[in-house]
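K.L.:
Next input, structure requested:
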Amino acid sequence: LITSPDRFDDICDSVIKEFDGQIVNFYNPEDREAGQISSINRQGIKMTFPIMTISIAAVNSEKTCLENYIRVGEIIAELKKYAKSVGKSNCVVDRRGGQKKDSIN
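P.N.:
The predicted model follows:
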């Protein structure tokens, strides 16, 4: 998603709220109550998985030097990895800053 810097907070908050509010409807009542699902994998080992969450990574082009679309992907991948480690739905924003560049090549 590409949006203006002044709108991304509201958009991310809205997406997270909607996702978290709806995702539980895809689970049966017992799993919702437990906050997780349990399953036996192919090796016969019981595994548990938490209720699904959403992780959003954001890059502010006004604060971060974006040489090209490959760099955008690299930054997003780093942020997404961290966002997924948090354990709940969230939005992580690149706050490193750097030299401003007018456009992405």
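K.L.:
Got phi/psi on residue 92?
P.N.:
Backbone torsions of residue 92, given as degrees, to the nearest 10, read phi -110, psi 130.
K.L.:
Next, the contact list for residue 1, please.
P.N.:
The neighbours of residue 1, taking Cβ atoms under 8 Å, 6 or more residues apart in numbering as the test, are residue 11. C-betas here are computed from N, CA, C, even on glycine.
K.L.:
residues making contact with stretch 68-79?
P.N.:
By Cβ under 8 Å, 6+ apart, the surrounding residues in contact with stretch 68-79 are 57, 58, 59, 64, 66, 92, 93, 94, 104, 105.
K.L.:
excluding its backbone neighbours, what's nearest the most centrally placed residue in the chain?
P.N.:
The structure's the chain has its C-alpha centroid closest to residue 55; by Cα atoms, centre = their mean the separation is 1.6 Å. In space, and not counting its chain neighbours, residue 55 is closest to residue 83: 3.7 Å by Cβ to Cβ, 6 or more residues apart in numbering.
K.L.:
What about the one you found, how many residues nearby?
P.N.:
Neighbour count for residue 83, taken as other Cβ atoms under 10 Å: 21.
K.L.:
Quick one: residues contacting the residue nearest to the centre of the chain.
P.N.:
Neighbouring residues of residue 55 by Cβ under 8 Å, 6+ apart: 80, 83, 84, 86, 89, 90, 91, 92.
K.L.:
from the residues you listed, which two are the most distant?
P.N.:
80 and 89 (13.0 Å; Cβ to Cβ).
K.L.:
Compare the two and say which is more crowded by neighbours.
P.N.:
Comparing residue 80 with residue 89 by other Cβ under 10 Å, the one with more neighbours is residue 89, at 19 against 14.
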